[in-house]
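Q: pasted the sequence and its predicted model underneath.
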Amino acid sequence: MIKDLLKLFEGDPTQYLVTSLTGEVTERGKREAECITIHEPVTEEIWKNHIEGVKRIGIRPEKGDKAKWGCIDIDPRNYSNYSSKKYIDLIKEANLPLVVTKSKSGGLHLFLFLKDWALVTDILEVLNKWNNKYFDSDEVFPMKKAMNMPYFKADATTEHGYDDDGTPILLGRFIEIAKAKIKDIEDLKEFKLKEYEPEFEYSKFPPCIQNLIREKWSGNHRNDILFNAGILALKQHEHKLSKEELFNILKERNKQFFAAPLPENEIQTSILKSLTSAKEYSFKCPPKYGALSPICNKEVCKNRPLGIGAEAPDIVNDFKDITYSRDIKSIEYSFNLNDEFITVRPEDMADEKAWRKRLLNYKIYWKTLPRPRKGPSPFEMLMSHIVMNAVEDNESKWLDVLNEQQYDILKKFFEDHLEVDDFAKIKDGFVIMDSKTKNCYFKQVTLKKFLTGKKYFNTSKEAMKLLGCKKLEYHEGEKNVWCVEMPEFVEYKKVKTKPKQEENKLSELDDEYHTGKFRT
């Protein structure tokens, strides 16, 4: 058996590790250990001491740029609550040639054994492909460090292997299974992965949701996690879920995901309310929600159909209190960045050069965001986030501004062009007001001429829309007439002429006016 182990786990011929448990346990339930590197080759005697419980050893798989074995290291979020059988069942269902052992810390090691030495890059290509699809582990070997070997103190070990049904096995049976699963690297490159679908569209889910389906969460931030479950449900159903349907999904996820589920009233009053009032449906992810890092894999998530997709860079979290204010001609975005209140216009957001120039006015030097090999520009995603998340400035409401500008423009337009009830003049460039309805009628060319040289609107079509004008096919015998309701600023009354002063009539300025008025 020792020779078999020496051959199966053949690796770095120049060194190995000796590890010992410290007796300490982390908050997650992981057992801590201390390691010492021994610069000697691994021999049968060293493996014998390992199996007998004298010295626990760890081996690096690499010999130069090649290796004969690899491993996916499953490091659970909570060692006391996770189920090893879920992983074993997954491996069996997907028909993966992996041999499962329990690690010294209480997690799992999923070993792959090869017929001959293979390039490390080829081994990692295969294992990372499996890991990204099924396990989402943070550590895949070879990774230039040693891995602790199974079956330390084999007669009474806790670091044993499992068969395909999840039953713990003795060392001899482990070696039999490992030999039976040895593969050629070239065959593994062509290995067709089976779909593991414990739920509909599971393979499209973000890694965080897949992790929660495999293993219950026993930490905090349950609200954030359940919010993400709601976002996934909305994406799956193209945002067509009723409030009641979404609530029922959240209740089921609450039971499925958490060792200690949230009270139902908290789901309804907090999470459901946030989801149904959200302006932009996006997942809560690290670094802003750093506590979710153990279940998150952003790079994988970007390529999942129901994942985050392309997203704004992490610096987006530095932008606070994003608002916008607009008028007929332009829009401004305001936000707090580096304790500065900053206002930008669309021309400042056109590219990073213009953006940098604008921020220099606030003594902020903007560094160019690194561009990925594929996908949208991070700068464009940042600008998109600012636009989508901006809320209207309460002190400068669009409708208030629009009403004020409509009033001002129409007042100037009517002052120069208005006639009352004389519809024959409409073709001569006049605005004709119907004295009964207070509606005003005019030709489009009349408004165009008025707007010429004035920087109110980009186009006459935009002017008609924003001023509230409506087109009429016919009115008072005229074709293609436009109509707008008279604002309240004008009251048309007939002007009363000042009565003429009677000729030769005395006034108080005349001496004769006072004659006889005062007598002694």
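A: Cool, got the structure. Residues are numbered from 1 along each chain as shown.

Q: mind exporting the C-alpha coordinates of the helix or strand hosting residue 179 to CSV?
A: When elements are assigned from DSSP states H and E, residue 179 belongs to helix 171-180. What follows is helix 171-180, C-alpha atoms only, in CSV (Å, rounded to 0.1, in the frame of the first residue of the first chain):
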residue,chain,number,x,y,z
LEU,A,171,-7.0,2.9,3.0
GLY,A,172,-6.9,-0.3,0.9
ARG,A,173,-10.3,0.5,-0.7
PHE,A,174,-9.2,4.1,-1.3
ILE,A,175,-6.3,2.9,-3.3
GLU,A,176,-8.5,0.5,-5.3
ILE,A,177,-10.9,3.4,-6.2
ALA,A,178,-8.1,5.8,-7.0
LYS,A,179,-6.4,3.3,-9.4
ALA,A,180,-9.8,2.6,-11.1
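
Q: endpoints of stretch 303-320, how far apart?
A: Criterion Cα to Cα, to the nearest Å; first-to-last residue distance in stretch 303-320 is 28 Å.

Q: where are the low-confidence patches of the stretch 201-350 of the chain?
A: 278-281, 310-312 (pLDDT under 70).

Q: do a quick rundown of the strands in it.
A: Using DSSP state E, counting those that start in this stretch, the strands of the stretch 201-350 of the chain run over 320-326, 331-337, 340-344.

Q: what's the closest of those to residue 105?
A: strand 320-326 (40.3 Å; Cβ to Cβ). Yep, even glycine has a C-beta here, placed from its N, CA and C like the rest.

Q: tell me, how many residues neighbour residue 51?
A: Per other Cβ atoms under 10 Å, the neighbour tally for residue 51 reads 20.

Q: please name the nearest non-neighbouring residue to it.
A: Among residues not flanking residue 51 along the chain, residue 154 sits closest, at 4.6 Å (Cβ to Cβ, 6 or more residues apart in numbering).

Q: now tabulate the strands of the stretch 201-350 of the chain in CSV and tack on mean neighbour count and distance to residue 125.
A: Shown next, in CSV, are the strands of the stretch 201-350 of the chain (neighbours: other Cβ atoms under 10 Å; distance: least, Cβ to Cβ, whole Å):
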stretch, mean neighbour count, distance to residue 125
strand 320-326, 16, 42
strand 331-337, 17, 41
strand 340-344, 15, 44
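
Q: and of those, who's closest to residue 475?
A: Comparison of these against residue 475 by Cβ to Cβ identifies strand 320-326 as nearest, at 32.9 Å.

Q: now do the closest one: which elements does it pack against?
A: Applying 3 or more Cβ pairs under 8 Å, 6 or more residues apart in numbering; DSSP states H and E, one finds that strand 320-326 contacts strand 331-337, strand 391-392, helix 398-417.

Q: next, the angle from it to strand 340-344.
A: Calculated by axes from the mean of the first three to the mean of the last three Cα atoms, to 10 degrees, strand 320-326 forms an angle of 30 degrees with strand 340-344.

Q: now strand 320-326 against strand 331-337, angle please.
A: Going by the same axes, to 10 degrees, strand 320-326 makes 160 degrees with strand 331-337.

Q: ok and strand 320-326 relative to helix 398-417, angle-wise?
A: Going by the same axes, to 10 degrees, strand 320-326 is angled at 20 degrees with respect to helix 398-417.

Q: and strand 320-326, which strands flank it?
A: The strands beside strand 320-326 in its sheet (DSSP bridges) come out as strand 331-337 (antiparallel), strand 391-392 (parallel).

Q: in the longest strand seen in the chain, what counts as buried?
A: Using DSSP state E to define each element, the chain has its longest strand at strand 108-119. Residues of strand 108-119 classed as buried: 108-114, 118 (neighbour count, 16 or more other Cβ atoms under 10 Å).

Q: what about the stretch 401-520 of the chain, any weak spots by pLDDT?
A: For the stretch 401-520 of the chain, the ranges with pLDDT under 70 are 488-520.

Q: now the strands for it?
A: For the stretch 401-520 of the chain, applying DSSP E, counting those that start in this stretch gives strands covering 418-420, 431-433, 439-442, 470-475, 478-485.

Q: partner strands of the third one, with direction?
A: Which is strand 439-442. Note on strand 439-442: by DSSP bridges, its sheet partners are strand 431-433 (antiparallel), strand 478-485 (antiparallel).

Q: show me how far that strand is from its chain's centre.
A: The chain centroid and the centroid of strand 439-442 are separated by 49 Å under Cα atoms, centre = their mean, to the nearest Å.

Q: related to what we said a few turns ago, for the strands paired with strand 439-442, which one sits closest to residue 44?
A: strand 478-485 (97.3 Å).

Q: quick one on the thing from earlier: just the helices and strands packed on strand 320-326: most buried one?
A: Among the helices and strands packed on strand 320-326, strand 331-337 has the highest mean neighbour count (mean count of other Cβ atoms under 10 Å), at a mean of 17.

Q: got the CA positions of it in PDB?
A: Provided in PDB are the C-alpha atoms of strand 331-337 (Å, rounded to 0.1, in the frame of the first residue of the first chain):
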ATOM      1  CA  ILE A 331     -29.100  67.800 -17.900                       C
ATOM      2  CA  GLU A 332     -26.600  67.900 -15.000                       C
ATOM      3  CA  TYR A 333     -25.500  65.000 -12.700                       C
ATOM      4  CA  SER A 334     -24.300  65.700  -9.200                       C
ATOM      5  CA  PHE A 335     -22.600  63.400  -6.600                       C
ATOM      6  CA  ASN A 336     -20.200  63.400  -3.700                       C
ATOM      7  CA  LEU A 337     -16.700  61.900  -4.500                       C
END
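
Q: output the strands of the stretch 201-350 of the chain in JSON lines; the columns should cover distance to residue 351.
A: Output for the strands of the stretch 201-350 of the chain, formatted as JSON lines (distance: least, Cβ to Cβ, whole Å):
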{"stretch": "strand 320-326", "distance to residue 351": "20"}
{"stretch": "strand 331-337", "distance to residue 351": "16"}
{"stretch": "strand 340-344", "distance to residue 351": "13"}
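
Q: which among those is found nearest to residue 83?
A: Taking Cβ to Cβ, strand 320-326 is the member of the strands of the stretch 201-350 of the chain nearest to residue 83, at 41.6 Å.

Q: other residues contacting the closest one?
A: Contacts with strand 320-326, where a contact means Cβ atoms under 8 Å, 6 or more residues apart in numbering, come from 331-337, 386, 389-393, 395-396, 398, 401.

Q: try it again with 6 Å
A: 331-336, 386, 389-391, 393, 396, 398 (Cβ atoms under 6 Å, 6 or more residues apart in numbering).

Q: which among these gets closest to residue 135?
A: residue 389 (34.0 Å).

Q: for the closest one, grab phi and psi.
A: Note on residue 389: its backbone torsions stand at phi -100, psi 0 [degrees, to the nearest 10].

Q: one step back: tell me which of the strands of the stretch 401-520 of the chain lies nearest to residue 227.
A: That would be strand 470-475 among those, by Cβ to Cβ, at 44.6 Å.

Q: that closest one pairs with which strands, and in what direction?
A: The sheet places strand 470-475 alongside strand 478-485 (antiparallel), with pairing taken from DSSP bridges.
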